[in-house]
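Colleague: Generate coordinates for the sequence data below:
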Amino acid sequence: MNQFISNQEGDFQKAIDFFTKDITSLRTGRAHPGLLDNVSIAAYGSYSSVSALGNISVPEPRCMVIAPWDKSVLKDIEKGLIAADLGMGIVNEGDKIRLTIPALNEENRRDLVKRLNEKMEEARIVLRQAREEVKNKIEAAFAAKELSEDDKFRFVKELDDYLAKKNEELKTLRDKKETDIMTI
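Modeller: Numbers count the residues shown, from 1 in each chain. Just a heads-up that it's a prediction; the model follows:
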């Protein structure tokens, strides 16, 4: 790997890591605390994540329980979950909140796969932007006579091969998540 790619390698990896984190919020019909990662709750005069306000447990495959550390924020958590419109049943049990995840039907599964593909395309755009940055640096080094023409073409080919490998990594992650979503 040439120095131009290695200098920008973090940008490529950030796109993959963000995609991986982003797709955990897509529900697959099974409960997991990652479904609540993007939910912000207005409590104590500021916004906090659900996990910062209480313990999230998964007692059953289609059920989550949020037990707040401070019972006074129970209503705030409930309001925040309702406002987030997660498509889950929300029941305030007085000392905890129980979330039930309905079974996904075929139409819901197809919509989730469509959203998954949109998220993948966003990640691919970020990868292409990082590729353009590296390519511009290679072109600038060639223009400044720091690289020979052969090195320039070799570095651009290495860059394209590296991008293809990263796109394949994205596709593998997407395929795995699609399998999770479509499994009944």
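Colleague: Number of residues surrounding the closest residue to D70 other than its chain neighbours?
Modeller: Excluding the flanking residues, the one nearest D70 by C-beta to C-beta, 6 or more residues apart in numbering is L53, at 7.5 Å. The C-beta positions use only the backbone N, C-alpha and C, and glycine is treated the same way. For L53, the count of nearby residues is 21 (other C-beta atoms under 10 Å).
Colleague: Let me know the pLDDT of L53.
Modeller: Confidence at L53, expressed as pLDDT, is 89.
Colleague: Distance check, the residue of the chain most remote from its centre against K137.
Modeller: What lies farthest from the middle of the chain is K145; by C-alpha atoms, centre = their mean that is 41.0 Å. Using C-beta to C-beta, to the nearest Å, K145 is found at 15 Å from K137.
Colleague: Kindly report the same for D150.
Modeller: Taking C-beta to C-beta, one finds D150 at 17 Å from K137.
Colleague: okay, the two: which has more neighbours?
Modeller: Between D150 and K137, K137 has the larger neighbour count (other C-beta under 10 Å), namely 17 against 8.
Colleague: quick one: the helix or strand that contains the more buried one to chain centroid distance?
Modeller: Using DSSP states H and E, K137 maps to helix 106-143. Chain-centre distance of helix 106-143: 13 Å, with C-alpha atoms, centre = their mean, to the nearest Å.
Colleague: Over to stretch 173-184?
Modeller: How far stretch 173-184 lies from its chain's middle: 14 Å, per C-alpha atoms, centre = their mean.
Colleague: try stretch 92-107
Modeller: Mean C-alpha position of stretch 92-107 versus that of the full chain (C-alpha atoms, centre = their mean) differs by 22 Å.
Colleague: Over to stretch 162-177?
Modeller: In terms of C-alpha atoms, centre = their mean, the gap separating the centre of stretch 162-177 from the centre of its chain is 14 Å.
Colleague: Check which residues of that stretch are buried.
Modeller: Within stretch 162-177, the residues that count as buried by 16 or more other C-beta atoms under 10 Å are Y162, L163, K166, N167, E169, L170, L173, R174, K177.
Colleague: And for stretch 9-18?
Modeller: Counting neighbours by 16+ other C-beta under 10 Å, stretch 9-18 gives F12, A15, I16 as buried.
Colleague: And this structure, what are its domain boundaries?
Modeller: Domain ranges of the chain: 3-24+105-182, 33-100, per automatic domain parsing.
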